[in-house]
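Asker: Got a sequence here, can you build the structure:
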Amino acid sequence: MAQRGRKPKPTAIKELEGNPGKRPLNDAEPQPERKAPPCPKWLEPEAKKEWRRLSKQLELIGVLTEVDQAAFASYCQAYARWKEAEEFMTQHGTIVKTKSGYWQQVPQVSIAQTYLKIMNKIAEQFGLTPAARSRITAGAEMKGAAVDDMEDLLGGG
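Answerer: Numbering: from 1, shown residues only. Presented below is the predicted three-dimensional model:
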């Protein structure tokens, strides 16, 4: 049976946002190692480029882990297919004249729209949209922290 209401937000995202709702965080949430998974060999070349472009950054902020491979791969693959459709429309236009003389939209318009929706849905889960990022306060807990002289001396501060 499906859950009702909003989909729960990952604890990593809540922590980066500073837990604005002040609700208790899920202590029992699985905590996979914060390490980017390997790029799947089966991804299209453009999807692999997108993977390389974003994976390390997402790993650094702690939202991409080994278990997120399929979700992130689906984002990258959707990106590649969206880009392909957009490039087609740039080269060939968005409408064509049919044999009967009517103007018709090329299929790439709806293909691009479909993949853009998929991308945006997944991107939000990884904090990749401006709105999602605006709620993240990565490193905010460090700004007001007391200075540790030993940490400073060792080059960590």
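Asker: Buried residues, the longest helix along the chain. List them.
Answerer: The longest helix of the chain (DSSP state H) is helix 69-92. The neighbour-count check on helix 69-92 (16 or more other C-beta atoms under 10 Å) flags 69, 72-83, 85-86, 88-89 as buried. To be clear about C-beta, it is placed using only N, CA and C from the backbone, and glycine gets the same treatment.
Asker: which residues make contact with it from outside it?
Answerer: Under the contact criterion C-beta atoms under 8 Å, 6 or more residues apart in numbering, helix 69-92 has outside partners 37-38, 40, 43-48, 50-51, 54-55, 58, 64, 106, 108-109, 111-112, 115-116, 118-119, 122-123, 125-126, 128.
Asker: Not counting its own residues, what contacts stretch 25-34?
Answerer: With C-beta under 8 Å, 6+ apart, stretch 25-34 has contacts from 8, 10-12, 14-15, 19, 59, 62, 64-68.
Asker: one more time with 6 Å, if that's ok
Answerer: Contact with stretch 25-34 is made by 11, 62, 65, 66, 67, as judged by C-beta atoms under 6 Å, 6 or more residues apart in numbering.
Asker: farthest pair in those residues?
Answerer: Farthest-apart pair in the contacts of stretch 25-34 is 11 and 66; separation 16.5 Å (C-beta to C-beta).
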